[in-house]
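Engineer: What follows is a protein structure lacking sequence information:
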């Protein structure tokens, strides 16, 4: 599939940064907030001129790829039928400061992306853009081959979809380390040495390859054994 | 266009615990008393405003900033007394009005309210609020505060607080209105909201390049115009450290700001700050660190770039000594501020 039109659900800090990057990369960009178009119209016009402020239906209906850029605790506000058959990038994380107590948002024995995927069961979910801070995303995007280029982690169960998203990430200005397991999303969640970090390909891969030796990795492993 | 003669400069502290020369830590009580003294120094040197944060954590000494500001009021003459910020979402707007109106009275009209949602969330469980109501709490309480600020009888009802019927609140201020800012972390919705209420705006730029905020400042002005509300020059607050020697400043700042950010990161899941990140922040980002000339050049650039009316430097992050903190305030007042004004006047003349 050729991706030409990008749809972003969420007009907050992350959604706006990603809209800016996508415009720069030459995509047609639609973006929606939680409320009416009118509520975000001026924001979009001023911050990311060229992006189309719209509502969820139009954003999803007229885009080749969808980015979820909302607080994790709000994903159930979106009707799963709306995203049926879509390729969806999950840029969300469990973040207690906005989402509240983990047990109230997530099941104890699974990762956030597994649950988002389970909810949007007829969509193909790939996790990306979740672990780098939004101002790094904005400032560190570089063209391919630039020695200062940083790297994003891309993971999901569907191999073709993951490769498509990896290519998309490339066009947005980042190298990629790719895994083919949605559960590996946990490797870049808050608490991971990769969360909030902006790293080169080598440094990112290095941490991922030795993940079980990190403090966070040990905790994740221990939790798995207790399942 | 920046009006150099009207520019304001402030210092802000979150009430970090002060260190002794041997590296051991002072008590919270000693740290609070140190802030009073620093307010005095800042006032003597003509700094426009001191802001004190509200936190409910072991690493910060101040949970009740208006009390600290009241003590500063008693030993100062001109400096404005601000909170940085008052976490309105978990407070009672009536109490907020009363505390500030009292501070305003005892300081001869120098109280300045800075309302925010706060970047910390400890106050939510502490005062019995639910984090998932984050946005609703702030919106509702801001509506009520806005009515109280008019200092007329208020009739109001909402979700999170008992209703008020034709209720007067006291004391009334001498100028009829508390000067009020809204503190913003960079959420576009917050900017539009501040414009909608017609309040002044202070943006916390705590990471990344200031350039990134230019469109946000345009957004504030555009929103104010569209909503037919007053427009004010925007204020910015950022972290910094100044010492006579530039290299020393960088090392002290790295140790302390890193320790501070990493400790916070621990509870939020951020990776520790790398030297590369820190150096980037001090060179082109939002940490204003170095000798007075270096810091002045960088502050002047930001003020000019973003067309600001006020710049506040956050001081004392991590565990700094009395000597480091006081010297920084002196250098900011006596070297940096005059130099920033000079640079901006030169720029203006060259235009």
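Structural biologist: It's in. All values derive from a computational prediction rather than experimental measurement.
Engineer: Centre of the chain to the lengthiest helix in chain A, how far?
Structural biologist: The longest helix of chain A (DSSP state H) is helix A:159-172. Distance, stretch centre to chain centre, for helix A:159-172: 12 Å (C-alpha atoms, centre = their mean, to the nearest Å).
Engineer: Which positions in it come out as buried?
Structural biologist: Residues of helix A:159-172 classed as buried by neighbour count (16 or more other C-beta atoms under 10 Å in any protein chain shown): A:161-166, A:168-172. Every C-beta, even on glycine, is put in place using the N, C-alpha and C of the backbone.
Engineer: Need the pLDDT of the residue of chain B found nearest chain A.
Structural biologist: Here chain B gets closest to chain A at one residue, residue B:269, 2.5 Å apart by C-beta to the nearest C-beta. If you check residue B:269, the pLDDT there is 76.
Engineer: Next, the closest residue to residue A:196 other than its chain neighbours: secondary structure please.
Structural biologist: Using C-beta to C-beta, 6 or more residues apart in numbering or on different chains and skipping the chain neighbours, the partner closest in space to residue A:196 is residue B:270 (3.7 Å). Three-state call for residue B:270 (DSSP: H, G, I helix; E, B strand; the rest coil): coil.
Engineer: Now for residue B:270, how many residues are close by?
Structural biologist: 19 (other C-beta atoms under 10 Å in any protein chain shown).
Engineer: Check residue A:201 too.
Structural biologist: Residue A:201: 15 neighbours (other C-beta under 10 Å).
Engineer: if I read this right, it contacts residue A:151, doesn't it?
Structural biologist: Yes. If you go by C-beta atoms under 8 Å, residue A:201 and residue A:151 touch, sitting 4.5 Å apart.
Engineer: so what sits against both of the two?
Structural biologist: Common neighbours of residue A:201 and residue A:151, using C-beta atoms under 8 Å, 6 or more residues apart in numbering or on different chains, are A:175, A:177.
Engineer: of all the buried residues of helix A:159-172, which comes closest to chain B?
Structural biologist: Looking across these and measuring by C-beta to the nearest C-beta, the closest to chain B is residue A:172, at 17.0 Å.
Engineer: Next, the closest residue to that closest one other than its chain neighbours: phi, psi?
Structural biologist: Among residues not flanking residue A:172 along the chain, residue A:21 sits closest, at 4.8 Å (C-beta to C-beta, 6+ apart). Phi and psi for residue A:21, reported as degrees, to the nearest 10, are phi -60, psi -40.
Engineer: Residue B:112 now?
Structural biologist: phi -140, psi 120.
Engineer: Excluding covalently adjacent residues, which one is nearest to residue A:167?
Structural biologist: residue A:3 (8.0 Å).
Engineer: Could you do residue B:190 as well?
Structural biologist: residue B:184 (4.6 Å).
Engineer: Also residue B:147?
Structural biologist: residue B:154 (4.7 Å).
Engineer: List the contacts of the one you found.
Structural biologist: B:144, B:147-148, B:164, B:166-169.
Engineer: if we can go back for a sec, separation between the residue nearest to residue B:190 and residue B:195?
Structural biologist: Separation of residue B:184 from residue B:195 (C-beta to C-beta, to the nearest Å) stands at 11 Å.
Engineer: Overlap of the contact sets of these two?
Structural biologist: residue B:201.
Engineer: Could you find the closest non-adjacent residue to the residue of chain B closest to chain A?
Structural biologist: residue A:190 (2.5 Å).
Engineer: for residue A:197, same thing?
Structural biologist: Counting by C-beta to C-beta, 6+ apart, the residue nearest residue A:197 is residue B:271, at 4.1 Å.
Engineer: Would you map the strands across the stretch 151-300 of chain B?
Structural biologist: Using DSSP state E, counting those that start in this stretch, the strands of the stretch 151-300 of chain B run over residues B:154-156, B:164-167, B:179-184, B:200-204, B:234-242, B:287-290.
Engineer: Please name the strands paired to the shortest one in the sheet, noting orientation.
Structural biologist: Same thing as strand B:154-156. Using DSSP bridges, the strands paired with strand B:154-156 in its sheet are strand B:164-167 (antiparallel).
Engineer: For the chain, give me the ranges with low pLDDT.
Structural biologist: Using chain A. A:95-109, A:225-227 (pLDDT under 70).
Engineer: Can you name the residues of chain A sitting close to chain B?
Structural biologist: Contact residues, chain A versus chain B (C-beta under 8 Å from any C-beta of the partner chain): A:11-13, A:16, A:33, A:40, A:42-43, A:46-47, A:73, A:95-100, A:133, A:135-136, A:138-139, A:189-198.
Engineer: Which members of those occur in strands, if any?
Structural biologist: Nothing among those maps onto strands, per DSSP state E.
Engineer: Residue B:343 versus the residue nearest to residue A:196, what's the distance?
Structural biologist: 34 Å.
Engineer: List phi and psi for whatever residue of chain A ends up closest to chain B.
Structural biologist: Closest approach between chain A and chain B, counting by C-beta to the nearest C-beta: residue A:190, at 2.5 Å. As for residue A:190, its main-chain torsions (degrees, to the nearest 10) stand at phi -50, psi 140.
Engineer: before we move on, back to that, what residues are up against the residue nearest to residue A:172?
Structural biologist: Residue A:21 sits in contact with A:137-138, A:141, A:172-173, where contact means C-beta under 8 Å, 6+ apart.
Engineer: Let's see if you can find the most crowded of those residues.
Structural biologist: Of the contacts of residue A:21, with other C-beta under 10 Å as the count, residue A:137 tops at 23 neighbours.
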